[in-house]
Structures are given as structure tokens and as C-alpha cells.
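Participant: Sequence first, then the predicted structure, then my questions.
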Amino acid sequence: MTDSFWIRADHLWSDREGRFTPGLLRIEGGRITARAEAPDTPPAGARVIDMGRRYVLPGLINTHVHLEFSASAKPLDEFYAENDEERLMRAMGNAHRMLLSGVTTIRDCGSSWSMLALARRPDLAPVPLPTILCSGPPMTVPAGHLHFMHGIVESDAEILAHIDRIEADGGRSVKVMASGGAMTPGSDPVQTVFSQDKLDLIASEARRRKLPSVSHVLSTESIKRSAQAHMDSLEHCAFYERDADGMMVRRYDPDIAAVVRDSGSAMMANLSTATRTLDAVRSRGSATVQEAHALRQFDVMVENFGRFVTLGVPMVCGNDAGVRDTPFEDTWMEISWLQRGGLSAVQSIRAATSQAAKTLLIDQEVGQLEASLSADLIALETNPLDDSEAFREVVFVMKAGKVIADRI
Ligand SMILES: [Zn+2]
């Protein structure tokens, strides 16, 4: 691969226009240095990669994954059975698989301290990796969600020291578990575990360091507090409460949704997480009480997502890859569900490219096919404006000007 070449395509994604236009990209030193519209042609003798009629877009950005998890039916079993070195190898493989699926930038939204090696020394990996923004261990309370990653903080001083260490160790994201989580035994998703003051401190400290802040919010009160803290993104927004039978239910609160709308925070809804499991129940035609409840709550989640879309809350693509039954190759499925939930095709593409880059504070680096940005791009056989599952078949992946996969 020479250092300087051109890419030509009948369909180059224009984020600004929200459509494809015929054109050319000049790539030099791993970056896009010019974009020209047809009928311009590359200079005589220039090396050209011709994408023909394929659809060329920026590499996808998945804003919420857990690289060291296994995506099995019980990912905590593997987590506890493996040591740091084994989990690091697993994480590298998972990241590589994501890159092959067209995801050129990942945010890891919570992992052990040792995984920050991926942020510091990606050059040591034996396989090509996407850009990985690591959050390191999420800040949590004693016995709180993902406490076994060792991110427990109680005082203001501990919060500041934690963020300090994340940044010093190469992290590029500040994650907090503002509520409990379903995955952690003993942690209760309906409980809000950080005060407004603590969340304000976390968000403002992240802002001061120009790191994106991200808050895990399953309980209704945690959504409100994290939005009031102006976190850059709010994860899940489940509105979980418990009904009279003790079952966890999603109760949308329009007043709190309005707080989210006014906060400027983006939302990551992970609609597609573990959907294959639910699909299997649906196709079986019979369900246990628990399964029937899960199916109903899934429908409520999608409905609530549509309400946030109507309010105009910015959406970013993330799927919690690595957690139960959520493989690393399935970012395409989240894009498809974002559309089924109410985003237009154009909005869903932006959620996985330009909007995600903006929310992660890396829009000067990636997210569009424009001059000065990294040459991270993918090609599809079918038009994603017509086919919500078009990202399932990514036939070409380029990362910083290097061809990673070419199945054309
Ligand atoms: Zn997560």
C-alpha cells in the first residue's frame, strides 16, 4: 500500500447533505486530505481504489461495548474464571472482530484496570484494532454495579483520584454507574447510588479534562440527576421501577424526559442487546412468566425510545457488546433497531458516525468523509438508506488508510 492514493465511488456518504454523492477521496498518510465531487478525476498515474457502485461511509463508531466480556449466556462466569492476561487476549480478539465488522472506533464502557493497556499500547497488539477509547473501571459504590472491576469511589477525593488515574493510564472516557445494574448480583437497578453533587463533580471534572462523560442510568432518578449534571451521554434510560409484584418495569416519565431533552446529553439506548434470545422465545410461540415479562418490557423500551426521538434527543449507537448474548459483530443490528424504534435511516447512520464522534469528543478526528479526518471507511453492497440491515454485509474496511478487509 502506497502512502498516497485515491478512493473513487459512485456513492460517497455526505453527512452534511444526508445522502450519497459520486466523488473521490484523496488519502495521504492515513488521512483524508481532499474530497472532490464527480466529474473530477484523479491525476494521471495516481493509484486509485475504485469502489464502483458500492456505498462508502465513514467507519462505524460503537459507543458502548465491554471488550473483556465473552458475550456468552453467562459472561460473569468467564470473567471470574479468567485472569487479567487471559481477559486482555479475549479483549484484543473481540476488538479485532469488531473492526472486521466495520467498526473502526470503539468506546469500552467499563473494564478492569489492566485493559487500559489497549488504550496505551495498541501498537503491541498482534492484530489490527479499531481506535479504542477506554473508560477503565466504571466509578461505582461498594458492592455496586461492576464493582469487581475495582472502580469503587466514595468521597470527592476518591472521585478526583480515580479520574486522574484513568487519564494517566491512557483512558479517554469517564464512566459512572449512577444506578445499580442487573448483571451484578446484589446490585439493584431501581436504586440510584450517586448524589447530585457527586454526579455534578464527575461531569465537570471530565469536562475540564476534555474527556467525554457517560452515565449508566437504569433507575428513573439516576436519569434525572445525570441529565442535570449534563453528562455527555446517558446509557439505557430505562426508567426502572418495581411494581406491586416486585417485577422490574419501565415507567416513562415525561417530566424527566424533558430534563434529558434540555440537558444536551445524548442517549445510548442499546435496543438490540440480547435480542436474539427474545427472538428465540417469540419463534417458540410459548413463554414462561419471566420471558413474557421480558418481551413486554422490550416493547415498552422501544416505545420509550420513540418518545425520546420525538423530543429530539441526540442518539448514539451502542449495543453493550460483550454482555449476555450480545456478540461483537452485531453493531449492524443496533442500527437496524434504531430505525425500527423511530430514527430515520439518515439519523441512524449519524448515530453510528458523526453524532457518535461528537458525543465522544472526537469529531475532529473521525465520523465523516471529509478532509483532515482519519481515513477510516467502509463499503457496503446495498444502500443503507433503503435497507436497514445493509451494515450486516460490510465488504471493505479501511482503518487510517490501511486496508483491513476487502471482500469486494
Ligand atoms: Zn454496559
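Facilitator: Noted; the coordinates are in hand. Residues are numbered from 1 along each chain as shown.

Participant: Please name the residues that touch the residue in the stretch 201-350 of the chain positioned nearest to the ion.
Facilitator: Residue of the stretch 201-350 of the chain nearest the ion, by C-beta to the ion: D320 (4.5 Å). C-betas here are computed from N, CA, C, even on glycine. By C-beta atoms under 8 Å, 6 or more residues apart in numbering, the contact set of D320 is 64-66, 109, 270, 273, 326.

Participant: One more pass at 10 Å, please.
Facilitator: Applying C-beta atoms under 10 Å, 6 or more residues apart in numbering, we find D320 in contact with 62, 64-66, 69, 71, 109-110, 183, 235-236, 268, 270, 272-274, 326, 334.

Participant: that's a helix at S283, yeah?
Facilitator: Yes. The assignment for S283 is a helix, going by DSSP: H, G, I helix; E, B strand; the rest coil.

Participant: and the longest helix anywhere in the chain, what does it pack onto?
Facilitator: As assigned by DSSP state H, the longest helix anywhere in the chain is helix 289-311. When contacts are defined as 3 or more C-beta pairs under 10 Å, 6 or more residues apart in numbering; DSSP states H and E, helix 289-311 packs onto strand 233-242, strand 248-250, helix 254-263, strand 266-268, helix 275-284, strand 315-316, helix 331-340.

Participant: Give the buried residues for that helix.
Facilitator: In terms of neighbour count (16 or more other C-beta atoms under 10 Å), helix 289-311 has its buried residues at 291, 293-294, 297-298, 301, 304-305, 308-309.

Participant: now do stretch 235-253
Facilitator: Neighbour-count burial for stretch 235-253 [16+ other C-beta under 10 Å]: 235-241, 248-250, 252-253.

Participant: Just give me the closest of those to A379.
Facilitator: E235 (30.2 Å; C-beta to C-beta).

Participant: Tell me which residues touch the closest one, please.
Facilitator: Here E235 is in contact with 63-64, 109-110, 175-179, 214-218, 223, 226, 266-270, 316, 318, 320 (C-beta under 10 Å, 6+ apart).

Participant: And for C109?
Facilitator: So C109 contacts 62-67, 133-135, 138, 146, 173, 175, 214, 216, 233, 235, 268, 318, 320-322 (C-beta under 10 Å, 6+ apart).

Participant: one more time with 8 Å
Facilitator: Contacts of C109 (C-beta under 8 Å, 6+ apart): 63-66, 135, 138, 173, 175, 214, 216, 235, 318, 320.

Participant: and if you look at G18?
Facilitator: 346, 350.

Participant: E241 is in contact with D188, isn't it?
Facilitator: No. Counting by C-beta atoms under 8 Å, E241 stays clear of D188, with 11.3 Å between them.

Participant: What strand or helix carries the residue most central in space within the chain?
Facilitator: Central residue of the chain (C-alpha atoms, centre = their mean): T63, 1.9 Å from the mean position. Assigned by DSSP states H and E, T63 falls within strand 60-65.

Participant: Could you pull out the buried residues of the helix or strand that that strand is followed by?
Facilitator: Counting by DSSP H and E, the next helix or strand C-terminal to strand 60-65 is helix 75-81. If you call a residue buried by 16+ other C-beta under 10 Å, then helix 75-81 has these buried ones: 75-76, 78-79.

Participant: Spell out which two among those residues are the most distant pair, please.
Facilitator: L76 and E78 (7.5 Å).

Participant: What parts of this structure come near the ion?
Facilitator: The chain has residues 109, 320 near the ion, with proximity defined as C-beta under 5 Å from the ion.

Participant: so can I have TSV of the buried residues of helix 75-81 showing distance to S204 and pLDDT?
Facilitator: Output for these, formatted as TSV (distance: C-beta to C-beta, whole Å; pLDDT from 0 to 100):
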residue	distance to S204	pLDDT
P75	33	97
L76	33	97
E78	36	98
F79	32	97
